[in-house]
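Q: Curious how this folds, go ahead:
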Amino acid sequence: ARKAPAWSPVYASTSSKELKITLAKPVLDASGGLLGVIATDVTLRNLAEFVRSLKVSKTGVAFVVESSGELIATSSNESLLTGNAPEQRRLKANESANAQVRAAYASYVQSKTNENAQAASALVESTLVSQFRNDDGLVDLAATPLRDTAGLDWTIIVALPRQDFMGELQRTLWQNIAIG
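A: Below you'll find the predicted structure:
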C-alpha cells in the first residue's frame with residue numbers, strides 16, 4: 001500500500017458536471033500500519049475560469065492537459081465534456097473545436113516524441129519551446145510540465161501565432177514607409 005498522498009485522475013462530477021480531482025492521504029498508526037484514508041475532492045472550476053479568462057492574443061491559446069491528452073482547462077470557450085449522460089466523457093485536446101488547440105497539441109506531442117526534436121525545439125528549464133506552421137503562419141509554442149510527488153502530471157501549453165504580435169508592428173512600419 002502506498003504510504004504517501006496521491007492524486008486521482010481528473011474526473012467529471014456526476015452531480016455538478018464540473019471537473020474535479022481527489023487528493024487521498026493514508027492515515028498511519030505509530031508503527032506505520034494503515035488505519036484508513038482521508039480524501040478531499042477539489043473542484044477545478046476556478047482553474048478553468050482563470051484559463052478561460054486569459055487573453056493570450058488575438059488567436060493564441062492557453063490550455064492545460066493531463067498526460068492522457070484530456071483537457072483540464074482552456075482559453076477557448078468550449079465545454080470540457082463531450083457527449084450526453086451516460087456516455088459523457090472528457091474532451092481530448094486533439095478533439096477540440098478550436099483548430100489552434102488541436103494544432104498546438106499535435107505539435108507538442110510531435111516535439112516531445114520526435115528524435116530530431118533538438119533541431120526544432122529546445123528544453124529551457126524543463127519548458128519545451130518550439131514552433132510550428134499553420135494557416136496563420138508561424139506559431140510559437142511553450143509547454144511546461146506541472147508535476148508533484150503525489151502523482152500530478154499535467155502540462156500547461158501556450159501557442160502564440162507570430163502574426164498576432166508582429167502584425168501591428170508590420171502595419172505600422174508599412175504606414176511609416178508610405179508616409180515617408
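Q: and Leu47, what element?
A: Assigned by DSSP states H and E, Leu47 belongs to helix 45-53.
Q: what helices or strands is that helix leaning on?
A: Packed against helix 45-53 by the contact rule (3 or more CB pairs under 8 Å, 6 or more residues apart in numbering; DSSP states H and E) you find strand 61-66, strand 71-74. Glycine gets a C-beta too; all of them are placed from N, C-alpha and C.
Q: among those strands, which is nearest Pro145?
A: Nearest to Pro145 among the helices and strands packed on helix 45-53 is strand 61-66 (10.6 Å), distances taken as CB to CB.
Q: for the closest one, what is the average pLDDT?
A: Strand 61-66 shows a mean pLDDT of 96.
Q: strand partners of that strand, parallel vs antiparallel please.
A: strand 71-74 (antiparallel), strand 153-161 (antiparallel) (DSSP bridges).
Q: show me the residues around Val10 that make contact.
A: Taking CB atoms under 8 Å, 6 or more residues apart in numbering as the criterion, Val10 is in contact with 19-21, 44, 66, 70, 72, 90.
Q: change it to 6 Å
A: Contact analysis of Val10 by CB atoms under 6 Å, 6 or more residues apart in numbering lists 19, 21, 66, 72.
Q: Under a three-state scheme, what state does Asp41 occupy?
A: strand (DSSP: H, G, I helix; E, B strand; the rest coil).
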